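**Q** have a look; sequence and predicted model below, questions after that.
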Amino acid sequence: MAFLESPRFPDKIAFGAVVGPVYSTVVTTATGGAESRVITWSQARNRYDVGRRVMNQSDTDALYAFFRSVKGRGHGFRLKDWTDYTVTAANGALVTTSAAGVFQLAKQYIAGTLSEARNIRKPVAGTAVLYRNGTPISAGAGAGQYALDTTTGLATFVADSSASISAIALGSATQVTLSSALAGVAVGGLLSLSGLSGADAGVLNGQSFTVSGVAGAVYTLAVSTVGKIITSSGTGSKYPQPSDVLAWSGQFDVPVRFDTDDMKMQIVDRNGPSGDLLVDWGSIQLIEIRT
């Protein structure tokens, strides 16, 4: 089993797909008719039907070859969902992850006070633009810039600024002293740590922590290190802060697979003097997959 970044499912055939999101809900009905419902998926999986129509010879050949190439349900691949493939700065969000400076591209769907943030893991290369407080950000290796992995939708930022850790005091709150203060890291902000040593250094390394106090270059972090063995010699870094508004715009594909290993087609006619076949395809289902 593999995910094939290329080729993408033929766009011309995808254009005519029947599309819809699918959720998973466990409904229990009591004898009196009252219901309890448990939502088991936080995000929908889209389902597509690319069959249920007559296709000409070239489209038939393309679909037939693609189905054989991905081995039916065997491999995942990209699909352009013509009903929903763009993101604007108004609904494109960047969601924090557990790794410092790494954000997941997402799209916000809003209905009144309700919303769902859909993870976008397959942005289309060359289309994404990231914004910080309304200003486009450049991709690159400079301070505050980023690198985007178009196979995962993860944007990894370069730190705005960094300073070496000269001391660390462990306890119910952890106090970190830097060689110099980092401008813009205030109470309620985030300080990211890396390079610390000791048996329990993994508790802090590669993560960001909320700052509960600042005194010059001394930062108190809301993380308990009671009983831990961690020694200074690492680095404190500033990445985008909670006060920053991060957004993105661009295009994205949906990761899918065929939901059948059995494809059926029937010749229904020839297309005029050229003799091209017209082929009737039954229901051919695709289902969105988690990657």
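**A** Sure, I can see it.

**Q** show me the shaky parts of this protein.
**A** 272-273 (pLDDT under 70).

**Q** ok, so what distance separates residue 251 from residue 221?
**A** Using C-beta to C-beta, to the nearest Å, residue 251 is found at 39 Å from residue 221. Quick note: C-beta positions are derived from backbone N, CA and C, even for glycine.

**Q** the two: which has the busier surroundings?
**A** Applying other C-beta atoms under 10 Å to residue 251 and residue 221 shows that residue 221 carries more neighbours, namely 22 against 16.

**Q** report how many residues lie close to the nearest residue to the more buried one once chain neighbours are set aside.
**A** Of all residues not flanking residue 221 in the chain, residue 209 sits nearest, at 4.1 Å (C-beta to C-beta, 6 or more residues apart in numbering). Other residues near residue 209 come to 20 when the count uses other C-beta under 10 Å.

**Q** correct me, but residue 209 touches residue 225?
**A** No: in this structure, residue 209 is not within contact of residue 225 by C-beta atoms under 8 Å, at 10.4 Å.

**Q** please save the CA atoms from stretch 36-48 in PDB.
**A** Below are the C-alpha coordinates for stretch 36-48, written out as PDB (Å, rounded to 0.1, in the frame of the first residue of the first chain):
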ATOM      1  CA  SER A  36     -28.300   9.700  22.200                       C
ATOM      2  CA  ARG A  37     -25.800  10.400  19.500                       C
ATOM      3  CA  VAL A  38     -22.000  10.000  19.600                       C
ATOM      4  CA  ILE A  39     -20.000  11.800  16.900                       C
ATOM      5  CA  THR A  40     -17.000   9.500  16.200                       C
ATOM      6  CA  TRP A  41     -15.200  11.500  13.500                       C
ATOM      7  CA  SER A  42     -14.200  15.100  14.200                       C
ATOM      8  CA  GLN A  43     -13.900  15.700  10.400                       C
ATOM      9  CA  ALA A  44     -15.800  14.300   7.500                       C
ATOM     10  CA  ARG A  45     -14.500  12.000   4.800                       C
ATOM     11  CA  ASN A  46     -15.700  13.000   1.300                       C
ATOM     12  CA  ARG A  47     -17.200  10.300  -0.900                       C
ATOM     13  CA  TYR A  48     -17.100  10.600  -4.700                       C
END
